[in-house]
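Q: sequence plus predicted model, see below.
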Amino acid sequence: MDTTQPQPRSLVLRPADPGYGDELAGFQTGFTQRPAVVFGAASADDVLAAVRYAAGAGLPVGVQATGHGLPGGSEGGVLITTRRMDGVRVDPERRTVRVQAGVPWARVVAAAQPYGLAPLNGSSPGVGAVSYTLGGGLGILAREFGYAADHVRSLDVVTADGRLRRVTPESEPELYWALLGGGHAFGVVTELEIGLVPVRTLYGGSLAFDGREVDPTDLLRAYEEWTRTVPDGLTSSFAAVPYPDLPVLPPHLRGRYVLSVRIAYTGADGEQVVAPLRESGPVLADSLREMPYAESHTIHSDPPDPHAYHGDSAVLSEPAVSRVGEVLSLVGPDAPGMCVVQVNHLGGALAKSAPNSVPYREGRFLVRLLAVGDRTTARARLDPAFALLAPVTLGRALNFAFGAGDRTEGLYDTETRKRLAVLKSRYDPANLFRRNYGPTGAC
């Protein structure tokens with residue numbers, strides 16, 4: 001099945017041109033970028049032209065699809081926007097899908113569902129599928145199937161030498177390894193082929209509790225103890241969100257500090273598995289149900305509208321409930337400024353090795369903090385929180401370094417970083433796609 005839309009013409013814009021600002025706009029509104037040239041690519045040939053221009057002019061290259069994560073290397077350089085590259089082609093017999101560079105996950109889910117198949121997408125349907133996968137891809141079924149990057153069959157990528165390559169584990173195993181986990185540091189991926197999983201329905205949703213009626217640390221402890229008992233087919237997260245008192249919000253959320261456990265499970269005994277959680281305290285809201293996979297975005301109900309946010313993450317070597325509890329106290333509803341905390345349960349298939357550079361597979365939990373506000377005030381809230389977690393932190397997750405892309409330390413373990421540095425010098429010696437893996441700018 002091919003759901004490719006008629007492609008609009010590509011364009012080239014400079015700061016003084018009409019439409020320049022609109023082309024830069026995306027989901028993330030908290031950062032400004034001002035590239036010297038914007039290439040609105042509609043095909044792989046357009047990407048080739050952009051990369052060759054940048055290489056000839058000695059300018060850095062950044063890539064933007066949906067704008068959930070903005071590139072740090074395009075300031076004063078070349079920005080390639082890929083939203084016009086929106087082809088999706090499902091092969092139901094091979095259980096694969098080919099996805100072009102600008103496609104959001106919602107379109108892949110919709111294309112795969114008629115065949116009883118599902119992609120390993122994340123919680124937000126608006127996130128770009130390709131960039132998400134290059135950063136690893138921690139999805140809603142991750143503990144059962146692993147990272148999205150683990151299922152990639154091939155990638156079409158324009159490298160710094162101005163070549164369009166078809167990269168597979170057999171044809172170019174080193175570049176394949178580097179691309180999947182290395183983000184956009186090794187080229188511009190114009191299309192990838194990735195495996196689908198046979199999932200038509202799942203048991204999912206969330207259990208919500210009032211954080212002023214239930215002690216957050218006690219509920220977190222109950223959640224951690226529960227995760228020790230669940231099968232690998234169950235993927236979940238714990239979240240703490242201080243909602244403002246706004247009329248646009250549902251009544252059960254307005255002005256409340258909501259603690260919730262989000263669940264996605266393909267097993268048939270969901271109600272039985274979740275029963276212990278329901279005994280953790282009075283439930284504020286319960287959306288757990290059997291659902292078609294096409295409704296899986298309702299599990300997290302991520303905000304769909306563009307807004308400003310900053311955030312970072314920590315992969316933990318152990319549960320560290322008391323330390324995470326301190327974080328909840330530090331950035332809770334009484335703290336200045338809104339801060340969202342999410343704790344993802346790792347393990348299961350995520351711990352299995354794969355021929356890619358996604359690091360920290362031994363991690364037990366991933367803590368993600370998201371602050372609303374400008375960069376300075378956000379860092380003032382986030383830095384003390386991450387300092388509390390430092391003794392049990394293995395590193396950071398590339399896909400969840402929101403606005404912290406200028407801080408590369410901790411994104412990879414030492415051996416992975418060294419191997420990436422060697423490959424970076426081979427495939428991008430001029431650092432066209434800005435990322436330093438060297439000993440002084442260590443990632």
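A: That came through fine. These numbers were taken from a predicted model, which means no experiment stands behind them.
Q: end to end, how far does stretch 348-368 reach?
A: End-to-end distance for stretch 348-368: 19 Å, by C-alpha to C-alpha, to the nearest Å.
Q: poorly predicted segments of the protein, please.
A: Across the chain, the ranges flagged by pLDDT under 70 are 1-9, 70-73, 403-406, 436-443.
Q: spatially central residue in it, please.
A: N399 (4.2 Å; C-alpha atoms, centre = their mean).
Q: how about the residue nearest to that one when sequence neighbours are not counted, what does it touch?
A: Distances taken as C-beta to C-beta, 6 or more residues apart in numbering place G135 nearest to N399, at 3.7 Å, with adjacent residues excluded. C-beta: built from backbone N, CA, C; applies to glycine. Applying C-beta atoms under 8 Å, 6 or more residues apart in numbering, one finds that G135 lies in contact with 181, 183, 397-399.
Q: give me the buried subset of those.
A: Taking 16 or more other C-beta atoms under 10 Å as the criterion, what is buried in those is 181, 183, 397-399.
Q: among those, name the ones in helices.
A: Judged by DSSP state H, the subset of those located in helices is G181.
Q: mind putting the buried ones among the contacts of G135 into CSV with distance to P336?
A: What follows is the buried ones among the contacts of G135, written out as CSV (distance: C-beta to C-beta, whole Å):
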residue, distance to P336
G181, 36
G183, 33
A397, 26
L398, 29
N399, 27
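Q: and of the contacts of G135, the nearest to H307?
A: N399 (18.1 Å; C-beta to C-beta).
Q: residues near G77, how many?
A: 21 (other C-beta atoms under 10 Å).
Q: and it, how far is that from A49?
A: Going from G77 to A49 by C-beta to C-beta, to the nearest Å gives 15 Å.
Q: for R95, same thing?
A: Distance of R95 to A49, computed by C-beta to C-beta: 34 Å.
Q: over to V38?
A: V38 is 13 Å from A49, where distance means C-beta to C-beta.
Q: neighbour count winner among these two?
A: V38 (27 against 18).
Q: quick one, what contacts that one?
A: Here V38 is in contact with 11-14, 20, 23-24, 78-81 (C-beta under 8 Å, 6+ apart).
Q: same thing but 7 Å
A: Contacts for V38 (C-beta atoms under 7 Å, 6 or more residues apart in numbering) come out as 13, 20, 23-24, 79, 81.
Q: repeat for M85
A: 41-43, 100-102, 190.
Q: how about 10 Å then?
A: By C-beta atoms under 10 Å, 6 or more residues apart in numbering, the residues touching M85 are 4, 7, 10, 40-44, 46-47, 65, 99-103, 130, 190-191.
Q: before we move on, what about G204?
A: 140-141, 234-236, 262-266, 270, 287-291, 293, 295-296, 298-300.
Q: can we see that at 7 Å?
A: By C-beta under 7 Å, 6+ apart, G204 lies in contact with 263-265, 291, 296, 299.
Q: any chance of the residues you listed in JSON lines, plus neighbour count, secondary structure and distance to P306?
A: Shown next, in JSON lines, are the contacts of G204 (neighbours: other C-beta atoms under 10 Å; DSSP: H, G, I helix; E, B strand; the rest coil; distance: C-beta to C-beta, whole Å):
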{"residue": "I263", "neighbour count": "25", "secondary structure": "strand", "distance to P306": "28"}
{"residue": "A264", "neighbour count": "27", "secondary structure": "strand", "distance to P306": "26"}
{"residue": "Y265", "neighbour count": "23", "secondary structure": "strand", "distance to P306": "31"}
{"residue": "M291", "neighbour count": "17", "secondary structure": "strand", "distance to P306": "27"}
{"residue": "S296", "neighbour count": "25", "secondary structure": "helix", "distance to P306": "22"}
{"residue": "I299", "neighbour count": "22", "secondary structure": "coil", "distance to P306": "22"}
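Q: list phi and psi for E295.
A: Note on E295: backbone dihedrals following degrees, to the nearest 10 are phi -100, psi 10.
Q: how many neighbouring residues does it have?
A: Counted with other C-beta under 10 Å, E295 comes out at 14.
Q: if we can go back for a sec, quick check: of the contacts of G135, which lies closest to R435?
A: The closest of the contacts of G135, once distances to R435 are taken by C-beta to C-beta, is G183, at 7.3 Å.
Q: contacts only, for that closest one.
A: The contact partners of G183, by C-beta under 7 Å, 6+ apart, come to 134-135, 398.
Q: check G77 too.
A: Residues near G77 by C-beta under 7 Å, 6+ apart: 35-36, 54, 59-62.
Q: what do you get if the cut-off is 10 Å, keeping everything else the same?
A: By C-beta under 10 Å, 6+ apart, the contact set of G77 is 33-37, 54, 57-62, 71, 432, 434.
Q: can you select the buried ones among the contacts of M85 for me in ChimeraX?
A: Selection of buried members from the contacts of M85 for ChimeraX, criterion 16+ other C-beta under 10 Å:
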select :10,40,41,42,43,44,46,47,65,99,100,101,102,103,130,190,191
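Q: in helices, which of the contacts of M85 fall?
A: Applying DSSP H to the contacts of M85, the entries found in helices are 44, 46-47, 130.
Q: and which of the residues you listed is nearest to V372?
A: Closest approach to V372 among the ones in helices among the contacts of M85 (C-beta to C-beta): V130, at 27.2 Å.
Q: that closest one and P114, how far apart?
A: Taking C-beta to C-beta, one finds V130 at 22 Å from P114.
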